[in-house]
Structures are given as structure tokens and as C-alpha cells.
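Colleague: got a predicted model here, sequence first, then my questions.
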Amino acid sequence: MYKVFDSDRHVVEPVELWDNYIDEEQVGEYRVSLKEDTLEEAQLRAKKYGNLRSAIQLIPTLYVGQHPIFNHWSEELQIESTHQQDSSQLERLSAMSGKGQLASMDLHGIEKAAIFPTFASYVINHAEISAKSSLAYAEGYNEWLNEYVSADKTRLLPVGAVSRHDPETLAQQVKAIASYGWTTISIRPEVINGHSLGSQAYEPFWQACEEYNIGICLHGGSNLHGSTAGSERFTSRFGLHACSHPIELQMAFVSLLENGVFEKYPKLKFALLEGGGSWVPYWLWRLDNICYPEYPNLVKDNIKKLPSEYFKSHCWVSIEDGEPCIRELIDYIGSDRLLFGSDYPHPDHLDSESSDDKEEFSFLTETEKKEIYELNPSKFFNF
């Protein structure tokens with residue numbers, strides 16, 4: 001038998017976080033606030049769209065200063081999101097507190113969970129705010145998270161947030177997170193403030209992660225105010241959501257690979273989350289067989305073995321319920337490199353919240369299930 005570790009579980013940050021844990025002087029004009037919809041605005045929408053469905057009062061919108069935290073969050077999308085909110089309301093409320101999170105874990109048979117941000121990721125990495133403000137939000141969120149997981153630190157494993165706006169602050173941020181006793185951090189895979197993950201400016205960051213034995217979770221999401229895969233050509237939720245998660249992870253791996261991060265820091269550990277894993281065999285095959293042999297002299301300083309070998313020595317990847325080609329993925333990189341993540345309580349993955357044996361994973365052997373649910377996360381998250 002096995003115990004279940006959820007490698008991708010989220011908080012829903014309560015409004016008081018932004019008021020009680022953030023230094024107002026540090027964030028200045030970039031304070032987080034809620035914009036409430038009004039009945040009058042709902043009535044105007046009904047006239048604009050010519051239907052009663054549009055007359056609903058919208059979910060309040062978070063702003064950072066004068067900027068909404070989500071990019072391309074259209075009025076039509078807000079209407080649909082509001083109509084669907086009831087489907088995940090109880091789950092979102094439970095995720096606002098450590099005790100509520102534990103209750104939801106008990107309900108779904110989750111022994112331990114890695115705890116990630118929701119809105120904080122969009123605030124901290126927002127392209128329009130200052131580096132000073134971004135850092136203040138990361139530090140304030142971590143302070144709040146430390147209290148959140150105090151409900152049971154043996155079951156709720158905090159994943160620290162870092163600000164990438166000013167790379168010179170990264171090493172100190174890692175040191176501060178390590179001082180909490182935490183073992184992992186979460187960063188977005190995108191280019192942030194002009195720096196990809198392979199940027200030379202991040203060398204002290206990787207050194208600090210290796211020194212303090214901090215695992216790095218690559219976890220993105222659509223509708224960021226920033227440069228996310230698909231945002232240069234799509235504005236629809238459909239297009240943005242289709243591209244953001246898996247394609248950003250693919251590009252992040254290449255950035256780390258070709259800039260020598262894997263080669264220079266053999267002890268670093270990366271978890272690639274919420275983008276599925278079925279893309280991995282093709283991506284590694286392409287890198288091994290087409291890109292790497294093409295001009296080997298151009299990459300010989302930073303890539304000294306097959307890209308797939310770096311993946312197998314440095315990376316773990318989460319798989320999703322119903323995802324195809326999991327058996328092929330296991331054959332390609334091994335079952336010891338897979339993680340289970342529910343994405344709870346986000347509405348696009350609510351069907352993944354239970355750890356019960358599902359038909360989608362029925363083909364896995366008991367040994368493989370124990371690896372994916374228990375042994376692999378234990379190794380990555382150091383618990």
C-alpha cells in the first residue's frame with residue numbers, strides 16, 4: 001500500500017493577506033485592492049449584450065495599483081467565470097485556511113501536500129509593478145504562508161515564493177526561505193523582467209538553491225501580465241490556457257539546458273508541474289536526435305551529454321488524470337520521475353482532487369503507484 005502526497009495543491013489567499021502582511025511603504029502605489037461590481041454595471045451589461053445572463057454581478061476583481069492582476073481577463077470571461085463559481089466555492093473557501101485545507105485533504109485521502117500560491121503568483125510576477133513591490137509581496141506572502149501551514153507542518157509542506165524582478169535579491173531570498181526550514185520554492189517558467197531561467201544573472205540564485213538543498217518547482221499559469229507562451233498571438237482564454245502550461249515548461253527546460261544550469265549544478269532538483277507529462281518523450285527525443293547532433297560544437301560547453309540524461313538526473317514531472325501516453329512516458333524516463341498533483345482547488349482540475357484509484361491510472365502497477373504517490377515526492381520535497 002501507499003500514502004498519497006499531493007505535489008501541487010493551492011491556497012486561496014484571503015483579502016486580509018494583502019492588508020496585514022505587506023509593508024505599505026514598500027509597495028507604494030502598487031497596493032492590492034478589490035474592485036467590486038455593482039448592480040448598475042450589471043444592468044448596463046444586460047443592455048450591452050442583450051441577455052439576462054450578462055446581468056449577473058461579477059466576482060470582485062483583484063488589482064495591483066491601477067492594473068488588474070490578470071491579463072486579457074475580458075468582460076465576457078468574467079461573466080462565464082462568475083456563472084461557474086458555485087462549482088468550486090466550497091473548495092475555494094476551504095483553501096483559505098490551513099485547517100480548511102487539512103479537512104479537504106482528509107476528505108480525499110491526501111496524507112501530505114505541497115502548498116502553492118494562487119493569486120500571489122500573479123501579483124509577485126506582475127510586469128507592471130516595481131522590483132521593490134514585487135519583493136515585498138513575496139516576503140509578505142511567505143510570512144502568511146508560514147502561519148497557514150502551522151495548522152499541521154507535518155502534512156502541509158510550504159513552497160516558498162520568490163520575486164525575480166531583481167536577480168540580485170534572489171540568493172538572499174533563498175537564504176530567508178531556508179531559514180523557515182522549507183525545502184522548496186516555486187518560480188514561474190516564463191521570462192520575468194527580461195530574464196529567462198538560463199540568464200547569467202541567476203547564477204548566484206542557482207548556487208544558493210544548491211547550497212541550501214532547495215528544490216525548484218516550475219509552475220506557471222495563463223493570463224499573467226507578462227510574456228507567456230501564446231500571449232504574443234492570443235487574447236482568448238482558450239488560446240492562452242492551451243499554450244501556457246506545457247509550452248512554457250518545454251521552453252524553460254531548454255533555457256536551463258542550453259545555458260548550462262544542469263551541467264554546472266548537478267545537485268539541483270526541478271519539478272515541472274501542471275503541464276502534464278505526455279509531451280516529455282517527444283520533446284526529449286527531438287532534443288536528443290535532432291537539435292543536439294546538429295551543431296554539437298555550438299553547445300559542447302554547456303551540454304556534455306544527451307538532453308534526456310539531464311532530464312532524468314534533474315527533473316520530475318507531474319501527470320494528470322486521463323492524460324494519454326503515461327505508459328510511454330514511464331518507458332521513456334522511468335516511473336521514478338513522475339509526481340501526482342491535483343491542482344486543488346482550481347476549477348479546471350476539480351476532477352483530480354481525489355486520490356482514490358481511478359480508471360485513468362488503473363494500468364499502473366502497485367509499485368508504480370507507490371513511487372508516484374509517495375516515494376518520488378518524498379525524494380523531491382525532502383520530507
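Modeller: Yep, that arrived.
Colleague: now do the contacts for Tyr137.
Modeller: If you count contacts by Cβ atoms under 8 Å, 6 or more residues apart in numbering, Tyr137 has them with Ile22, Val27, Val32, Ala120, Val123, Ile124, Ile129, Ser163. The C-beta positions use only the backbone N, C-alpha and C, and glycine is treated the same way.
Colleague: pLDDT for those - can I get that in TSV?
Modeller: Shown next, in TSV, are the contacts of Tyr137 (pLDDT from 0 to 100):
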residue	pLDDT
Ile22	94
Val27	93
Val32	96
Ala120	98
Val123	98
Ile124	98
Ile129	97
Ser163	99
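Colleague: can you put those residues in TSV and add secondary structure, distance to Pro189 and neighbour count?
Modeller: Listed next are the contacts of Tyr137 as TSV, based on DSSP: H, G, I helix; E, B strand; the rest coil; distance: Cβ to Cβ, whole Å; neighbours: other Cβ atoms under 10 Å:
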residue	secondary structure	distance to Pro189	neighbour count
Ile22	coil	25	22
Val27	helix	25	23
Val32	strand	24	24
Ala120	helix	17	25
Val123	helix	18	29
Ile124	helix	14	28
Ile129	coil	20	25
Ser163	coil	16	26
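Colleague: farthest-apart pair in the residues you listed, please.
Modeller: Val32 and Ser163 (14.5 Å; Cβ to Cβ).
Colleague: closest to Leu102 out of the contacts of Tyr137?
Modeller: Here the nearest of the contacts of Tyr137 to Leu102, counting by Cβ to Cβ, is Ala120; it sits at 20.2 Å.
Colleague: in what helix or strand does the residue nearest to that closest one when sequence neighbours are not counted lie?
Modeller: Ranked by Cβ to Cβ, 6 or more residues apart in numbering and with sequence neighbours excluded, the top spatial neighbour of Ala120 is Tyr141, at 4.4 Å. Per DSSP states H and E: Tyr141 is located in helix 131-148.
Colleague: circling back: and the gap between the residue nearest to Ala120 and Tyr30?
Modeller: In this view, Tyr141 and Tyr30 are 14 Å apart by Cβ to Cβ, to the nearest Å.
Colleague: swap in Trp144?
Modeller: Where Tyr30 is concerned, Trp144 sits at a distance of 18 Å (Cβ to Cβ).
Colleague: and Leu157, by the same measure?
Modeller: Counting by Cβ to Cβ - Leu157 and Tyr30 are separated by 30 Å.
Colleague: what about Arg286, neighbour count?
Modeller: For Arg286, the count of nearby residues is 13 (other Cβ atoms under 10 Å).
Colleague: which residues touch it?
Modeller: Arg286 sits next to no residue when contact means Cβ under 8 Å, 6+ apart.
Colleague: which of the residues in the helix or strand hosting it are buried?
Modeller: Using DSSP H and E, Arg286 sits within helix 279-286. Of the residues in helix 279-286, Trp279, Val280, Pro281, Trp283, Leu284 count as buried by neighbour count, 16 or more other Cβ atoms under 10 Å.
Colleague: for the record, mean pLDDT for the helix or strand that it is followed by?
Modeller: As assigned by DSSP H and E, the chain's next helix or strand after helix 279-286 is helix 292-294. If you average the pLDDT over helix 292-294, you get 98.
Colleague: one more: stretch 325-336?
Modeller: For stretch 325-336, mean pLDDT is 98.
Colleague: residues touching it, excluding its own?
Modeller: Stretch 325-336 has contacts (Cβ under 8 Å, 6+ apart) with 277-278, 280-281, 284, 308, 311-312, 317, 319, 338, 361, 363-364, 367-368, 371-372, 375-376.
Colleague: can you show me the CA trace of that stretch as PDB?
Modeller: Provided in PDB are the C-alpha atoms of stretch 325-336 (Å, rounded to 0.1, in the frame of the first residue of the first chain):
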ATOM      1  CA  CYS A 325       0.700   8.100 -23.100                       C
ATOM      2  CA  ILE A 326       1.600   7.700 -19.400                       C
ATOM      3  CA  ARG A 327       2.900   4.200 -20.100                       C
ATOM      4  CA  GLU A 328       5.100   5.500 -22.900                       C
ATOM      5  CA  LEU A 329       6.300   8.300 -20.600                       C
ATOM      6  CA  ILE A 330       7.200   5.700 -17.900                       C
ATOM      7  CA  ASP A 331       9.000   3.700 -20.600                       C
ATOM      8  CA  TYR A 332      11.000   6.800 -21.600                       C
ATOM      9  CA  ILE A 333      12.100   8.400 -18.300                       C
ATOM     10  CA  GLY A 334      11.000   5.900 -15.700                       C
ATOM     11  CA  SER A 335       8.200   5.800 -13.100                       C
ATOM     12  CA  ASP A 336      10.600   7.300 -10.500                       C
END
